[in-house]
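*Asks:* turn this into a model:
(2 chains)
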Amino acid sequence: MEHLGNYIYIVSAGLFILSLKWMNSPATARRSVFAGETGMLLAIVGTLLSHHIFNWEWILGAFFIGSAVGVPIAYIMPMTAVPQRTAMSHACGALAAALVGTAEFYRANQSHEILPTFVMVALVLETLLGFLTFTGSLMAMGKLQEVLPQRPITYRNQNAVNFTLFAIAAGLGIRLILVPTDVWIFPIFVGLALVFGVLLIIPIGGADMPTVIALLNSYAGLSACAMGFALGNSLLIVAGALDGSSGLILSIIMCKAMNRSFTNVLFGAFGQIQTSHAQAQQRPYRSASAEEAASILEAAGSVIIVPGYGLAVAQAQHKIRELYDNLMRRGIDVKFAIHPVAGRMPGHMNVLLAEADIPYDRLFAMEDINGEFAQCDVALVIGANDVTNPAARTDKSSPIYGMPILDVDKAHTVMVIKRSMNPGFAGIDNDLYYMDKTLMLFGDAKAFVSEILKELPAKVGV
Amino acid sequence: MDLSTGLFIFMLATFLGLEIIRKVSPLLHTPLMSLTNAISAISVVGAILITGAQGATMLSKVLGFIAITAAVTNIVSGFLITDRMLKMFKKREARK
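*Replies:* Purely as a prediction, here's the structure:
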């Protein structure tokens, strides 16, 4: 029966690979969920068939509770809260890996079994990554849920403290690898990993959460992978490596989109230093009413809407859809330009717009749409700020210099819906707002779009 | 399984993962993360083996129980929410 299990594992690993491959286009993506589910089911059945399993009441009880918790989470969770849920499931996944590592360590010690060194290395990595990802993800979740302050929490010598703590944890880990019988070290090691997870995330600001979430995703995968080495299970290694590489790629994409390096995100405490950078002097700008905005939109041949997280905060997605429908009926070409860091996690903005029923073939990634701004009549910016700041291209002294931006300033007319002239996340003044062709539309995104819609009576039969 | 076989599998799976994920449409990065989350809950396999081992201690059973619960929560909510998100992605032609 042992062999049967291994063959089932091979099929299951193949299905996981197909599942990720089918995510390359929305047309095949729903198949990928089916492949993933089948792979998981096979893996569980294969495990139960190929080993003598005892303590069924514990296993079935845990399956029951897990499903009872998981189903409501999946259906009740609003799409704006998906980043928090993702952080929570990184925490759960990492905790599972860490606890299995802990249990395995104590089991081997109790039965006086000497684990080979490489198994000990894997166990130490599994528990270290698992526990630090667990508390780190909980902190990220708290920040996203706004239970914890969004701004970076910093203190003097922060990096030195973090580094020392990590060095001690690593030292204890090495000691455990060399002398696995030093059981008393283990709880201290676990405690340090838990504390390190907290300290690692608190200095990171809200704007960097997309990168952090992706990075934690990678860690959670790697801890599952380490478990595979510890238990000698190749399916765990494959699935963990796939998850680890996925998180790695997403965090690289996020870093590139903000022109930052990993070290800068983790140790830079962005958004803190730059607040003083905002210029004090008042510059002239033009503002317009909803009526004027409506007539400009009406006269346009093409419109590009640039949404940011402010749109989701104002719950304006559905109003935007109405505006989109209205303009499309008038024969105006409407497209959406999505910056990679729009929203709170990679790809979040696309999900929010898709939820409002905006067809995905109208959502364009930055590289695909940037060339079109120069030919576009109106660019309508809603709730986005730093990602439209031309200073990123021109002003070498700007903290966001070099960050890839949407070339909104190249459109013939720019309209920006914004609550006030206050600067955004990074605390940087946006030159876009002071250009001659820019009109500022002051107000709440949802309320203002409703106003515009009132001025644009729905034409029937055109 | 010996170490070199494990590392070999790890190396291949990582390169394969990097190649496949690179091709995933940026439209779907959020559902992708939910999906990989559910897949990495494969650690449920390890948790079952620890909990269900013959003569498992109370500590093993309790830790294993929590681990299975956490992993199953991820599996169930991860796949379901991925599907819920993917259902929302529609093309223009498909709309009424």
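
*Asks:* helices of chain B, start to end?
*Replies:* B:3-22, B:29-40, B:44-51, B:58-88 (DSSP state H).

*Asks:* how about the first one against chain A, any contact?
*Replies:* It refers to helix B:3-22. Yes: against chain A, helix B:3-22 shows contacts by CB under 8 Å from any CB of the partner chain at B:3, B:5-6, B:9-10, B:13-14, B:16-18, B:20-22. In this view, the C-beta of every residue, glycine as well, is placed from N, C-alpha and C.

*Asks:* pull out the buried members of those.
*Replies:* B:G6, B:I9, B:F10, B:A13, B:T14, B:L16, B:G17, B:L18, B:I20, B:I21 (16 or more other CB atoms under 10 Å in any protein chain shown).

*Asks:* max pairwise distance over those: which two?
*Replies:* The most widely separated members of those, counting by CB to CB, are B:G6 and B:I21 (21.7 Å).

*Asks:* before we move on, the earlier item: as a markdown table, the helices of chain B with mean pLDDT would be great.
*Replies:* Below are the helices of chain B laid out as a markdown table (pLDDT from 0 to 100):
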| stretch | mean pLDDT |
| --- | --- |
| helix B:3-22 | 95 |
| helix B:29-40 | 95 |
| helix B:44-51 | 95 |
| helix B:58-88 | 96 |
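
*Asks:* the closest residue to B:K23 other than its chain neighbours: neighbour count?
*Replies:* Among residues not flanking B:K23 along the chain, A:N24 sits closest, at 4.7 Å (CB to CB, 6 or more residues apart in numbering or on different chains). As a burial measure, A:N24 scores 18 neighbours (other CB atoms under 10 Å in any protein chain shown).

*Asks:* for the stretch 151-300 of chain A, which spans come out with low pLDDT?
*Replies:* A:266-282 (pLDDT under 70).

*Asks:* interface residues of it facing chain B?
*Replies:* Residues of the stretch 151-300 of chain A lying near chain B (CB under 8 Å from any CB): A:213-214, A:217, A:220-221, A:223-225, A:227-229, A:231-250, A:253.

*Asks:* export only the CA atoms of stretch A:3-16, formatted as PDB.
*Replies:* Extracted C-alpha coordinates of stretch A:3-16, given in PDB (Å, rounded to 0.1, in the frame of the first residue of the first chain):
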ATOM      1  CA  HIS A   3       3.700   2.300  -3.100                       C
ATOM      2  CA  LEU A   4       0.100   3.100  -4.000                       C
ATOM      3  CA  GLY A   5       0.300   6.300  -1.900                       C
ATOM      4  CA  ASN A   6       3.400   7.400  -3.700                       C
ATOM      5  CA  TYR A   7       1.800   6.900  -7.100                       C
ATOM      6  CA  ILE A   8      -1.200   8.900  -6.000                       C
ATOM      7  CA  TYR A   9       1.200  11.600  -4.800                       C
ATOM      8  CA  ILE A  10       2.700  11.900  -8.300                       C
ATOM      9  CA  VAL A  11      -0.800  12.400  -9.900                       C
ATOM     10  CA  SER A  12      -1.600  15.000  -7.200                       C
ATOM     11  CA  ALA A  13       1.700  16.900  -7.800                       C
ATOM     12  CA  GLY A  14       0.900  16.900 -11.600                       C
ATOM     13  CA  LEU A  15      -2.600  18.400 -10.900                       C
ATOM     14  CA  PHE A  16      -1.100  21.100  -8.700                       C
END
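
*Asks:* would you mark the buried spots in that stretch?
*Replies:* A:G5, A:I8, A:Y9, A:S12, A:A13, A:L15, A:F16.

*Asks:* likewise stretch A:435-454?
*Replies:* In stretch A:435-454, counting by 16+ other CB under 10 Å, buried: A:438-441, A:443-446, A:448-453.

*Asks:* between the two ends of it, how far is it?
*Replies:* Length of stretch A:435-454, first residue to last, CA to CA, to the nearest Å: 28 Å.

*Asks:* what's the answer for stretch A:402-415, then?
*Replies:* For stretch A:402-415, the end-to-end distance is 24 Å (CA to CA).

*Asks:* try stretch A:399-415
*Replies:* The first-to-last residue distance of stretch A:399-415 comes to 24 Å (CA to CA).

*Asks:* quick check, it touching chain B?
*Replies:* No: residues of stretch A:399-415 are not located near chain B by CB under 8 Å from any CB, the shortest gap being 13.1 Å.

*Asks:* closest point of the stretch 251-400 of chain A to chain B, which residue?
*Replies:* A:G347 (2.9 Å; CB to the nearest CB).

*Asks:* excluding its backbone neighbours, what's nearest that residue?
*Replies:* B:H29 (2.9 Å).

*Asks:* thought that neighbour was touching A:P346?
*Replies:* Yes: shown here, B:H29 and A:P346 form a contact pair, counting by CB atoms under 8 Å, at 3.8 Å.

*Asks:* mutual contacts of those two, please.
*Replies:* Common neighbours of B:H29 and A:P346, counting by CB atoms under 8 Å, 6 or more residues apart in numbering or on different chains, are A:L250, A:I253.

*Asks:* those two: which has the busier surroundings?
*Replies:* Neighbours were counted for B:H29 and for A:P346 using other CB under 10 Å; A:P346 has more, 30 against 26.

*Asks:* what about the strands in chain A?
*Replies:* A:302-307, A:333-338, A:363-365, A:378-382, A:413-418, A:438-442 (DSSP state E).

*Asks:* just checking, what packs against the last one?
*Replies:* Secondary structure elements in contact with strand A:438-442, counted by 3 or more CB pairs under 8 Å, 6 or more residues apart in numbering or on different chains; DSSP states H and E, are helix A:290-299, strand A:413-418.

*Asks:* and the first one, what other elements does it pack with?
*Replies:* By that I understand helix A:290-299. strand A:378-382, strand A:413-418, strand A:438-442, helix A:445-454.

*Asks:* can you lay out these as a markdown table showing distance to A:Y401 and mean pLDDT?
*Replies:* Compiled in a markdown table, the helices and strands packed on helix A:290-299 are given as follows (distance: least, CB to CB, whole Å; pLDDT from 0 to 100):
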| stretch | distance to A:Y401 | mean pLDDT |
| --- | --- | --- |
| strand A:378-382 | 20 | 94 |
| strand A:413-418 | 21 | 93 |
| strand A:438-442 | 21 | 92 |
| helix A:445-454 | 28 | 92 |
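
*Asks:* the residue nearest in space to the middle of chain B and B:I75: what is the separation?
*Replies:* Centroid-nearest residue in chain B, with CA atoms, centre = their mean: B:I39, separated by 1.5 Å. Distance, B:I39 to B:I75, by CB to CB, to the nearest Å: 9 Å.

*Asks:* where do the contact lists of these two overlap?
*Replies:* What both B:I39 and B:I75 touch, as defined by CB under 8 Å, 6+ apart, is the set A:M40.

*Asks:* tally of neighbours for A:T154?
*Replies:* A:T154, neighbours per other CB under 10 Å, totals 13.

*Asks:* right, is stretch B:65-73 up against chain A?
*Replies:* Yes: Stretch B:65-73 reaches chain A (CB under 8 Å from any CB) through B:F65, B:I66, B:A67, B:I68, B:T69, B:A70, B:A71, B:V72, B:T73.

*Asks:* any chance you could map the helices in the stretch 1-150 of chain A?
*Replies:* A:2-21, A:26-50, A:56-76, A:82-110, A:117-144 (DSSP state H, counting those that start in this stretch).

*Asks:* can you check the stretch 251-400 of chain A too?
*Replies:* A:262-267, A:290-299, A:309-313, A:317-329, A:348-355, A:366-369, A:391-394.

*Asks:* in a markdown table: those helices, plus mean neighbour count.
*Replies:* Formatted as a markdown table, these follow (neighbours: other CB atoms under 10 Å in any protein chain shown):
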| stretch | mean neighbour count |
| --- | --- |
| helix A:262-267 | 16 |
| helix A:290-299 | 17 |
| helix A:309-313 | 21 |
| helix A:317-329 | 19 |
| helix A:348-355 | 26 |
| helix A:366-369 | 16 |
| helix A:391-394 | 18 |
